[in-house]
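**Q** after the sequence you'll find the predicted model.
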Amino acid sequence: MSKKGYKHTIEAKEKIRLHSAKYWLGKKRPPLSPEHNAKLHAKAKGNQYTKGMKFPNRKRPPTKSEETRKKHGAYKGTKAMHWKGGGWQYQKRQTLMRDDWTCQMCKIQDRDIVIVDHKIPKKLRPDLIHDPANLWVLCANCHMRKTKQDFILILKVRADARASKKQNG
């Protein structure tokens, strides 16, 4: 029965040790022989990647379509989601600190129940969503009352808009 595997000779083991990456770590490799160097240069002569050009005869394909660039360009500067002054969490914290975690209607101060709300509803004035002057702190009860009032106000505005549309149209 034959043995599995292969036993290396002492010379083969030494050759493996000298050529392993661990052995050469931090050491300078010996120079290549002139024949070996000539072979490497001949092989690399026609290689387009050795010249530093990845697309020598054609235009490089665009990485993003024009539509994608426009879409992502809409979220630059103050509209970017990581802009410190534009994110909702940042605005919320600033408003809570400004109003000292106190409900602006009933003056209850409790960090656990206060909510940041828009004075003018977002549906009526979407341009004021991130305006600090349009934000205030309310407790849960006052927020519920104000939300009901906002809902009634939005219904009235929509009804008025429909009525004016019928008169004009």
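**A** Right, received. Where do you want to start?

**Q** now K92: how far from R29?
**A** Distance of K92 to R29, computed by CB to CB, to the nearest Å: 60 Å. Any C-beta I mention is one placed from the backbone N, CA and C, and that applies to glycine too.

**Q** more crowded one of the two?
**A** A count of neighbours by other CB atoms under 10 Å puts K92 above the other of K92 and R29, at 14 against 8.

**Q** for the biggest helix by length in the chain, packing partners?
**A** Counting by DSSP state H, the longest helix found in the chain is helix 140-168. Counting by 3 or more CB pairs under 8 Å, 6 or more residues apart in numbering; DSSP states H and E, the packing neighbours recorded for helix 140-168 are strand 115-118.

**Q** next SSE downstream of the strand it packs on?
**A** strand 135-138 (DSSP states H and E).

**Q** can you give the contact residues for that following strand?
**A** 91-92, 95-96, 99, 101-105, 114-119, 146 (CB atoms under 8 Å, 6 or more residues apart in numbering).

**Q** for PyMOL, write a command that selects the buried ones of these.
**A** A single PyMOL command selects the buried members of these (16 or more other CB atoms under 10 Å):
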select buried, resi 91+95+96+99+101+102+103+114+115+116+117+118+146
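
**Q** would you indicate which residues of stretch 126-134 are buried?
**A** Under 16+ other CB under 10 Å, the buried positions of stretch 126-134 are 128, 134.

**Q** so how far does it reach from one end to the other?
**A** From its first residue to its last, stretch 126-134 covers 11 Å (CA to CA, to the nearest Å).
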